[in-house]
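A.B. asks: Sequence isn't available, so here's the structure alone:
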């Protein structure tokens with residue numbers, strides 16, 4: 001089966017279970033060998049539909065949140081015969097495991113997919129009790145945060161980190177609300193902030209700037225909090241470290 005993946009986390013998983021991935025986005029950086037050699041079909045938000053069709057895929061793997069709806073619909077309309085687009089929608093940790101098994105079934109890799117799910121479930125264990133709370137920033141200018149009903153929110157909760165911005169959204173559909181306050185000026189609606197390496201490329205420079213304004217912040221691996229699939233097996237040590245840091249911020253405030 002010839003597969004084009006437009007979702008970086010699924011791309012890594014598909015390679016890991018032995019799928020023939022014939023096309024992927026420029027953001028599909030894992031595994032590194034495939035990133036260098038597999039044809040690229042644009043970015044997650046600006047897929048080159050013609051380039052995908054030229055690869056004659058049997059299956060195109062997309063994601064409701066990461067990919068552009070109009071481009072997904074264009075692919076659905078243009079793919080010939082039995083070729084089809086699989087649109088995933090992962091909002092919880094358990095959603096990820098269900099989707100992994102489903103992708104294993106439709107690509108003929110049931111055993112390998114199930115093995116990865118079991119490996120991850122063993123590594124993640126049961127959800128942790130709440131250790132503390134933090135806000136998770138996804139963008140700067142404007143400052144946007146992960147709200148409820150997001151995979152990031154559920155990963156935080158699984159590792160014992162309450163999402164301090166869960167009530168920031170004013171509408172049920174506002175999953176990534178914009179902050180009314182400006183972190184650059186020291187204002188904050190919570191006492192600890194997680195600044196991920198993606199999608200906005202936060203760095204230690206941003207962390208230092210906020211810390212200088214007495215806004216406690218920590219640079220975290222964006223893949224650990226926002227990638228599902230086999231990447232979940234590689235990030236447990238980092239998630240534990242972040243959870244410990246959040247707990248320490250709460251202890252310092254006497255919580």
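C.D. replies: Alright, I've got the coordinates. In this text, all values refer to a predicted model and were calculated from it rather than measured experimentally.

A.B. asks: give me the low-pLDDT residue ranges for the stretch 1-150 of the chain?
C.D. replies: Judged by pLDDT under 70, the stretch 1-150 of the chain has no weakly predicted residues.

A.B. asks: can you list contacts of the lengthiest strand in the chain?
C.D. replies: Longest strand of the chain, by residue count under DSSP state E: strand 132-139. Identification of contacts with strand 132-139 by CB atoms under 8 Å, 6 or more residues apart in numbering yields 143-146, 152-153, 156, 160-165, 176, 183, 188-190, 192-196, 199-200, 202, 225, 243, 246-251, 255. (Each C-beta comes from the backbone N, C-alpha and C, glycine too.)

A.B. asks: what about the nearest residue to residue 5 once chain neighbours are set aside, which SS state?
C.D. replies: Nearest residue to residue 5, sequence neighbours excluded (CB to CB, 6 or more residues apart in numbering): residue 11, at 4.0 Å. Per DSSP: H, G, I helix; E, B strand; the rest coil, the secondary structure class of residue 11 is helix.

A.B. asks: Can you get me a residue count around residue 227?
C.D. replies: Neighbourhood size, residue 227 [other CB atoms under 10 Å]: 25.

A.B. asks: How about the contacts made by it?
C.D. replies: 8, 9, 12, 235.

A.B. asks: For it, give me phi and psi.
C.D. replies: Per-residue torsions, residue 227: phi -100, psi 130 (degrees, to the nearest 10).

A.B. asks: where does it sit relative to residue 122, distance-wise?
C.D. replies: 18 Å (CB to CB, to the nearest Å).

A.B. asks: Give me the contacts around the very next helix or strand once past the longest strand of the chain.
C.D. replies: Next helix or strand after strand 132-139 toward the C-terminus (DSSP states H and E): strand 144-145. Residues from elsewhere that reach strand 144-145 (CB under 8 Å, 6+ apart): 135, 136, 137, 138, 165, 168, 176, 177, 178, 179.
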